[in-house]
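# I would like to see how this sequence folds:
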Amino acid sequence: MPPPKRLCRWLIGGMAMETLDFDSEDLELTEEFLSQAYTRMRIGGDVERTRAHVSRNVVGSVSVDLLEFGYDMSHDADVLNKVCLCNVHSGSIVRRYFPDGAEGSFGPGDVFVYTPHDRPYAGVIQRARYNVVMFDPLLLPRVAAALPGRKPGPVRLTGDRPVSPAAARHLRHTIAYLSEGVCADPALSEHPLLVSAASQCLAASVLNTFPNTALADPTIEDRHDAHPDTLRRAIAFIDEHAHRDIAVADVAAAIHVSIRTVQAAFRRHLDTTPMSYLRRVRLAHAHADLMAADPTTDITVTAVAARWGFFQLGRFAAAYRAAYGCPPHQTLLHRGP
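The predicted structure is shown next:
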């Protein structure tokens, strides 16, 4: 029998990253492992067929797991303290005791919220292969608008099913990209801005996919405060701190207005969003780095893009060409137009 579990930890660029692999046919060892990897739980299943495999990649506060159970595994678990999503590839999952009291049954192609971060959960995994994506609930308010005059507070998901098929597809694509891209490449985790951008992209996709308590429309007070001076101060803060891990909430706090005021100011005066402006500034920094690259080094477009928080290289290349009239590798190759 292979070792019941293998757990490795290392530091890359001062940031903890974890990978995990588990394979076992022992029900007791599987329960012990799941209790350590997730939260304390009791499981049950057919002792004749108990093959389980779990692999995990973690970057920042996001983990993307791939789980496979070759039997019907029942479980009754404690609170996770993390937002937990499921993306089903095969088999089915019966999830019990969601806050509304409804039992949910999910099959291939379904993506759903398995449990609120602060509630215990139970269900049956029916010979399924699926992803579990978990992240810190504090990621949600980083990308959500807060009430005017108040600091960003908790944001709760109020439903477990996507609001539309299109939103579900986008979330599945985001999970796949995280799993196969950022989480799968240790070198990418060296770049804090990229890790932050990927994490916030996931949180934004979750808020776009599931019903939640975040409010997005500006109030009359927000619109009144969205004057040119607010925009000027917001731009100055972004320009000065583009190399740091910042979100709209940080901009709003620095200039003492609400998040939605900042958003309204950018929409009114620049017809864009604060995060779009931040990406434009970071794109300019990436251009400068490519222009100044030393031909004797092995610097790459991927490394420069990652340094400035662009984790989707195709989108980076398209934005770069639109802004500078040539692909980024051409700038790197010729050290300028």
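
# the residue nearest to Thr273 when sequence neighbours are not counted: which element?
Excluding the flanking residues, the one nearest Thr273 by Cβ to Cβ, 6 or more residues apart in numbering is Phe266, at 5.6 Å. In this view, the C-beta of every residue, glycine as well, is placed from N, C-alpha and C. Taking DSSP states H and E as the definition, Phe266 sits inside helix 259-270.

# hey, C-alpha coordinates of the one helix or strand Arg129 maps to in PDB?
In this assignment (DSSP H and E), Arg129 forms part of strand 121-135. Output of strand 121-135 as PDB, limited to C-alpha atoms (Å, rounded to 0.1, in the frame of the first residue of the first chain):
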ATOM      1  CA  TYR A 121     -21.800  20.400   6.900                       C
ATOM      2  CA  ALA A 122     -22.700  16.900   5.900                       C
ATOM      3  CA  GLY A 123     -23.400  14.900   2.700                       C
ATOM      4  CA  VAL A 124     -22.600  11.900   0.600                       C
ATOM      5  CA  ILE A 125     -19.900  11.800  -2.100                       C
ATOM      6  CA  GLN A 126     -21.200   9.200  -4.600                       C
ATOM      7  CA  ARG A 127     -18.200   7.800  -6.500                       C
ATOM      8  CA  ALA A 128     -17.300  11.300  -7.600                       C
ATOM      9  CA  ARG A 129     -14.300  13.200  -9.000                       C
ATOM     10  CA  TYR A 130     -14.500  16.900  -8.200                       C
ATOM     11  CA  ASN A 131     -12.600  20.100  -7.200                       C
ATOM     12  CA  VAL A 132     -12.900  21.700  -3.800                       C
ATOM     13  CA  VAL A 133     -11.800  25.300  -3.900                       C
ATOM     14  CA  MET A 134     -11.300  27.100  -0.500                       C
ATOM     15  CA  PHE A 135     -10.300  30.600   0.400                       C
END
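
# parallel or antiparallel, which strands does it pair with?
strand 62-69 (antiparallel), strand 72-77 (antiparallel), strand 83-96 (antiparallel) (DSSP bridges).

# any chance of these in JSON lines with mean pLDDT and mean neighbour count as columns?
JSON lines is the format used below for these (pLDDT from 0 to 100; neighbours: other Cβ atoms under 10 Å):
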{"stretch": "strand 62-69", "mean pLDDT": "93", "mean neighbour count": "21"}
{"stretch": "strand 72-77", "mean pLDDT": "94", "mean neighbour count": "18"}
{"stretch": "strand 83-96", "mean pLDDT": "93", "mean neighbour count": "20"}
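
# need the ones you listed in a markdown table (columns: distance to Ala323).
Shown next, in a markdown table, are the strands paired with strand 121-135 (distance: least, Cβ to Cβ, whole Å):
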| stretch | distance to Ala323 |
| --- | --- |
| strand 62-69 | 29 |
| strand 72-77 | 48 |
| strand 83-96 | 34 |
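
# quick one: closest of those strands to His329.
When those are compared by Cβ to Cβ, strand 62-69 sits nearest His329, at 29.0 Å.

# so where's the chain shaky on pLDDT?
The chain contains residues with pLDDT under 70 at 1-19, 47, 97-102, 145-153, 215-225, 295, 335-337.

# domain assignment for it?
5-136, 174-334 (automatic domain parsing).

# which one of the ones you listed lies nearest to Gly159?
domain 174-334 (3.6 Å).

# what's the end-to-end length of the closest one?
34 Å (Cα to Cα, to the nearest Å).

# can you tell me how far the residue lying closest to Val281 once chain neighbours are set aside sits from Arg232?
Here the nearest residue to Val281 in space, its sequence neighbours aside, is Ala242; by Cβ to Cβ, 6+ apart that works out to 4.5 Å. Going from Ala242 to Arg232 by Cβ to Cβ, to the nearest Å gives 16 Å.

# and Trp308, what is it in contact with?
Neighbouring residues of Trp308 by Cβ atoms under 8 Å, 6 or more residues apart in numbering: Leu193, Arg282, Leu283, His285, Ala286, Asp289.

# pull the number of nearby residues for the last one.
Read it as Asp289. 18 (other Cβ atoms under 10 Å).

# same deal with the fourth one?
The number of residues packed around His285, counting by other Cβ under 10 Å, is 16.
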